[in-house]
Structure formats: structure tokens, C-alpha cells
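**Q** Dropping a prediction and its sequence here:
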Amino acid sequence: YLVESGGGSVQAGDSLTLSCKASGSSFSGYNLAWFRQAPGKERNYVAVIDRTGQRIFYSPPVKGRFTISRDNDKNAIDLRMGSLQPEDTGVYYCAARQSSNVALTEALYTDWGQGTQVTVSA
């Protein structure tokens, strides 16, 4: 299963790093992603990284500010978030999908963490 950590409350302009670790299985064959669910809104992808780490996708609102990375040896992925804004507030989830195809759609991910709250104040 997946466990996120690193959430918290910060001010606009601050940085924060989220981490996600897998227990009980190896990450190496999985595409991995971070999703975000803002209050009252649907859960949408923030960043996706394929099994090799070579293909990475960011949603337009975070491109240039967030960086996703993975360490297959440690079964971990990180999301480094910079220049945080109040609209980045939400619950952040890491997700995994065992496939050779990268997916941006929530429904295609089979394994989820419990989520970690990020709150950005103006």
C-alpha cells in the first residue's frame, strides 16, 4: 500500500515536498502519479511519471513550479512544490498503475494512498 507524508500549512510563495512510499511491493513496474482534490472539486492529476522516469507530465497549473521524481530502489516518489499559491490547497494523493502506458485519468489508477493535506494561505 501507499503512504504519503509531508503535507502541512504554508504561506503563499513557500515550498513544500511531499513523499510517498510503497510497502509490500515494488514500484518499479508501475506508473506513478500525484493527484490533488481541492475542496468541493474533483480529484485531478498534478504530475505523472512513467516506469522509467523518462516521461513526465504536469498539469498546466503546476508546470514550472512542481517537480515529480521517483527512486525505484527506495520505492518512493516525491513531489517538490514551489511558489505555492492558495489555489494549490487540497488533499494530495499518490497513485500507482501497473502498465506500460502513462495515464492522466484517475479511474485508470488502481492503488492509492490515504492522502495528505496541503493548505496554502495568502
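**A** Cool, got the structure. Numbering: from 1, shown residues only.
**Q** Please give the centre-to-centre distance between stretch 8-25 and its chain.
**A** Distance of stretch 8-25 from the chain centroid (Cα atoms, centre = their mean, to the nearest Å) equals 8 Å.
**Q** What segments of the chain are strands?
**A** Applying DSSP state E to the chain gives strands spanning 2-5, 8-11, 16-22, 31-37, 43-49, 56-58, 66-71, 76-81, 90-97, 111-112, 116-121.
**Q** Would you mind giving those as TSV with distance to residue 105 added?
**A** C-beta coordinates here come from the backbone N, C-alpha and C atoms, glycine included. Compiled in TSV, these are given as follows (distance: least, Cβ to Cβ, whole Å):
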stretch	distance to residue 105
strand 2-5	18
strand 8-11	28
strand 16-22	19
strand 31-37	10
strand 43-49	8
strand 56-58	12
strand 66-71	17
strand 76-81	18
strand 90-97	10
strand 111-112	13
strand 116-121	21
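**Q** Residue 103: which of those strands is closest?
**A** Smallest distance to residue 103 across these (Cβ to Cβ): 5.8 Å, for strand 90-97.
**Q** what comes up buried for that closest one?
**A** 90-97 (16 or more other Cβ atoms under 10 Å).
**Q** For the residue most central in space within the chain, list the residues it contacts.
**A** Nearest to the geometric centre of the chain sits residue 34, at 2.0 Å (Cα atoms, centre = their mean). Going by Cβ atoms under 8 Å, 6 or more residues apart in numbering, residue 34 touches 18, 20, 45-48, 68, 77, 79, 92-95.
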